[in-house]
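S.K.: Sequence and predicted model, in that order:
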Amino acid sequence: MPRIFFRHFLFFLFLLDLSMKAGGQNLVPNADFENFLACPDNAGEVNKCVGWSSFGNSSDYFNSCDTSVVGVPLNNFGYQNASSGYGYCGLWCYSPSGYREYIGCSLISPLQVNTKYYVSFKCVQANIFPNCKVNKIGAKFSTIEYFDSLPPFQNNLSHIYSTAYISDTANWVQVYGSFISDSSYSYLILGNFFDNANTDTLNCGPNGSPVYIYIDDICVSVDSTLCSTISNIKEPSSSIRVKIYCEEPGVYIINSNSNFILNNLIITNLFGQTIKFTLEQTDNSSYKIKIMLKSVSFKIFHVIYNSNKIFSKLLN
C-alpha cells in the first residue's frame, strides 16, 4: 500500500473512531437543568437556565439556589426534589381552556436523517392541582425555533409521548421511546402537543382542572442504554454536595456545602481526552478553574474526593 494512501487511510479510521464515539453522546445541552446564567427568583424565567428557553407561553425554571417562588424542593407549585441535582423545569400541560406551555433547546448537533434515536425524560405532577391526571406529555423535534409569541401548533403529533397517565406527585417517572429521524432536526421541544379532545383525562371533574408537570433529566441519543439510564449528574456518595458553574468563558467555579479539599479534578472533552487547566482555591469551600484551551466546546468535569468520584458534570 503506498505510504500516502496508508496515511490517509489511518486518518479516515481516526475520524471514523471519533464519529462513533461522538454518536453515543447525549445531544441535549444542560440536560439536567443544573447550569444557570442567573439564579431564578420568579416564574417564567426558563431563559436563565443555560441552553433553554420558553418555546411557548411562560414556562418556569426551578433551582435550589432560590428559597421562595421557584425553589427546590419547595416552590409555589408544590414540594418536589429534583430527579438528579438541584434543578428542573415546569410547565402547564393541560387546562380546560386549551392553554399549554413548552420549553425547548437547540441540540448539540442536528439529527441525522434515517437514523434511529432514543429519547427519554423524567416527569412528575406538581402538588398544586393533584387530582386531575393526563397523558400525552412528550418530546417533539423541529427544524425551526419557537418563542413565547410563536408557540408550536397543537397538531396532535409528537415524536415521543406518554400513553399512560402521569399520576405520581412524589416519584419521578420516565417517558422513553425511539423514532427514525426524517429530517435534520435542530431543536427539541417538551410539552403536550395534543389538544384537549385528544388528551386523555382522569378525575378532572365536569369543568376540568389544569395540570402542571415538572421535567428533568432529558436524553436524546443513538445509544439506547444512555437514554434508558440517563442521569447526567450523580448524587454525591458522601455528605459533600458540589456545584460547578461557568463564571466567564474558560473560567469555572466549584462550590461545596462545607469545607473540603479537592483531592483531584479531571477535565476531559467528549472523546475522553484530558484538558489542561489551572486550579486556585479561593476559600475553604470554593475553587476557581481556568481552562488553558478555551476553544474546546464541551467539557466533562470529574471531581474526586477521598479517592472516590463524587461528581461528574458536562458543561459548555
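M.R.: Here it is on my side, so go on.

S.K.: can you tell me which residues contact Ile213?
M.R.: Neighbouring residues of Ile213 by C-beta atoms under 8 Å, 6 or more residues apart in numbering: 90-91, 93, 123-126, 137, 166. C-beta here means a position set from N, CA and C on the backbone, and glycine is covered the same way.

S.K.: Please give the element, helix or strand, for the closest residue to it other than its chain neighbours.
M.R.: In space, and not counting its chain neighbours, Ile213 is closest to Cys93: 4.7 Å by C-beta to C-beta, 6 or more residues apart in numbering. Cys93 is part of strand 87-94 when elements are defined by DSSP states H and E.

S.K.: and for the next helix or strand after that strand, what are the contacting residues?
M.R.: Using DSSP H and E, the helix or strand that follows strand 87-94 towards the C-terminus is strand 102-106. Here strand 102-106 makes contact (C-beta under 8 Å, 6+ apart) with 28-30, 46, 51-57, 59, 89, 91, 142, 145-146, 151-152, 186-191, 215.

S.K.: Quick check on these: which are buried?
M.R.: Among the contacts of strand 102-106, those classed as buried by 16 or more other C-beta atoms under 10 Å are 28-30, 46, 51-57, 59, 89, 91, 142, 146, 151-152, 186-191, 215.

S.K.: sorry, back to before: so how many other residues sit close to the residue nearest to Ile213?
M.R.: 28 (other C-beta atoms under 10 Å).

S.K.: quick one, what contacts it?
M.R.: Contact partners of Cys93, counting by C-beta under 8 Å, 6+ apart, are 100-101, 134, 137, 191-192, 211-213.

S.K.: Which ones among the contacts of strand 102-106 map onto strands?
M.R.: If you go by DSSP state E, these have 52-56, 89, 91, 142, 187-191, 215 in strands.

S.K.: The strand holding Cys93 pairs with which strands?
M.R.: With DSSP bridges as the test, strand 87-94 is paired with strand 60-63 (antiparallel), strand 211-221 (antiparallel).

S.K.: How far does the last one sit from its chain's centre?
M.R.: The gap between the average C-alpha position of strand 211-221 and the chain average comes to 7 Å, counting by C-alpha atoms, centre = their mean, to the nearest Å.

S.K.: same question, stretch 278-286
M.R.: 28 Å.

S.K.: Give me the mean pLDDT for that stretch.
M.R.: Averaged across stretch 278-286, pLDDT comes to 81.

S.K.: Renumber starting at 133 from here on
M.R.: Sure, I'll start numbering at 133, so the last one becomes stretch 410-418.

S.K.: hey, C-alpha coordinates of that stretch in PDB?
M.R.: Extracted as PDB, the C-alpha positions of stretch 410-418 are listed here (Å, rounded to 0.1, in the frame of the first residue of the first chain):
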ATOM      1  CA  THR A 410      -5.100  25.700  36.400                       C
ATOM      2  CA  LEU A 411      -6.800  25.400  39.800                       C
ATOM      3  CA  GLU A 412      -6.900  28.100  42.500                       C
ATOM      4  CA  GLN A 413      -8.500  27.600  45.900                       C
ATOM      5  CA  THR A 414     -10.400  30.900  46.700                       C
ATOM      6  CA  ASP A 415     -11.800  29.900  50.100                       C
ATOM      7  CA  ASN A 416     -12.400  26.800  52.300                       C
ATOM      8  CA  SER A 417     -15.300  25.600  50.000                       C
ATOM      9  CA  SER A 418     -14.600  27.100  46.600                       C
END
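
S.K.: Name the nearest of the ones in strands among the contacts of strand 234-238 relative to Leu411.
M.R.: Set against Leu411, the nearest of the ones in strands among the contacts of strand 234-238 by C-beta to C-beta is Trp184 (29.1 Å).

S.K.: does Ile421 really touch Ile407, like I thought?
M.R.: No: using C-beta atoms under 8 Å, Ile421 is not in contact with Ile407, being 10.1 Å away.

S.K.: hey, what's in contact with both of those two?
M.R.: Residues within reach of Ile421 and of Ile407 at once, by C-beta under 8 Å, 6+ apart, are Ile399.

S.K.: Look at the two and report which has more neighbours.
M.R.: Ile421 (21 against 15).

S.K.: The nearest residue to Tyr317 once chain neighbours are set aside: what's it in contact with?
M.R.: Leaving out its chain neighbours, the residue that sits closest to Tyr317 by C-beta to C-beta, 6+ apart is Phe273, at 3.7 Å. By C-beta under 8 Å, 6+ apart, the contact list for Phe273 reads 243, 291, 313, 315, 317, 319-321.
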